[in-house]
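Asks: Sequence plus predicted model, see below.
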Amino acid sequence: GAAHTCALLTTKTVRCWGLNAYGQLGDGSATLRTRPVAVRSLAGVTAIAIGGTHSCALLAKKVVRCWGDNNLGQLGDGSYTSSATPVQVSGILTARAISAGWYHTCALLADQTVRCWGNNGFGQLGNASTSTSSTPVVVSSLSGATAVVAAGYHSCALLTGGAVRCWGSNQNGQLGDGTLTTRTSPVAVSGLSSGATALG
């Protein structure tokens with residue numbers, strides 16, 4: 001994250017350390033920690049995603065729980081209240097992967113669609129708007145997704161067959177569509193209609 005780090009352990013629990021001003025370490029406090037502390041009430045974790053000032057975990061039962069800063073709805077629980085312990089993301093019951101950007105989060109679902117929540121000032125939620133959302137919204141016109149990456153203010157998805165599509169801020173050409181135009185819904189990355197195997 002911006003100033004915190006988390007680790008997924010073999011016990012399927014999570015420990016975090018660093019800045020904790022928004023509760024992003026998940027230990028129920030806002031105390032800076034120079035050594036790892038256990039995230040409270042969190043077990044059965046299969047993956048983690050660390051945003052700027054928030055953190056999220058994918059559980060074995062395919063739900064997502066997040067904690068930390070929530071001023072832009074990045075915890076996805078329908079509120080804008082920060083939480084120093086994990087809260088469940090609304091409506092996500094079949095998640096296969098998660099990724100966190102600076103102030104937004106995305107999940108890949110079992111039906112190969114993507115849902116995102118949080119800051120949407122640059123269209124990084126991909127739902128053809130720039131309205132922030134504290135609950136997950138469906139990324140428009142996107143199917144067959146096999147991976148998702150949420151970056152600072154943009155997001156990308158890998159599709160079946162190896163094509164890549166991206167959406168959100170494009171001021172530095174990070175969407176790869178040959179323009180510097182911000183996009184609120186996915187656009188094809190030029191020259192990557194097939195053959196891609198991973199995103200980073």
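Replies: Arrived safely. A quick note: this is a predicted structure, and the numbers were derived from the prediction, not measured.

Asks: what does stretch 167-179 rub up against?
Replies: The contact list for stretch 167-179, computed with C-beta atoms under 8 Å, 6 or more residues apart in numbering, reads 122-124, 126, 139, 151-156, 164, 166, 180-190, 192. All C-beta atoms are positioned from the backbone trio N, CA, C, and that covers glycine.

Asks: Next, the buried residues of it.
Replies: By 16 or more other C-beta atoms under 10 Å, the buried positions in stretch 167-179 come out as Trp167, Gly168, Ser169, Asn170, Gln174, Leu175, Gly176, Asp177.

Asks: what's the average pLDDT for that stretch?
Replies: The pLDDT scores in stretch 167-179 average 98.

Asks: Also stretch 123-132?
Replies: In this model, stretch 123-132 has an average pLDDT of 98.

Asks: thought Thr5 was touching Gly18?
Replies: Yes. Using C-beta atoms under 8 Å, Thr5 is in contact with Gly18, at 5.6 Å.

Asks: Settle it for me: which of the two has more neighbours?
Replies: Set Thr5 next to Gly18 and count neighbours by other C-beta atoms under 10 Å: Gly18 wins out with 17 against 14.

Asks: check contacts around that one.
Replies: So Gly18 contacts Gly1, Ala3, His4, Thr5, Leu25, Leu32, Arg33 (C-beta under 8 Å, 6+ apart).

Asks: and it, backbone torsions?
Replies: Dihedral angles of Gly18 (phi, psi; degrees, to the nearest 10) stand at phi 110, psi -150.

Asks: And the pLDDT for it?
Replies: pLDDT recorded at Gly18 is 98.
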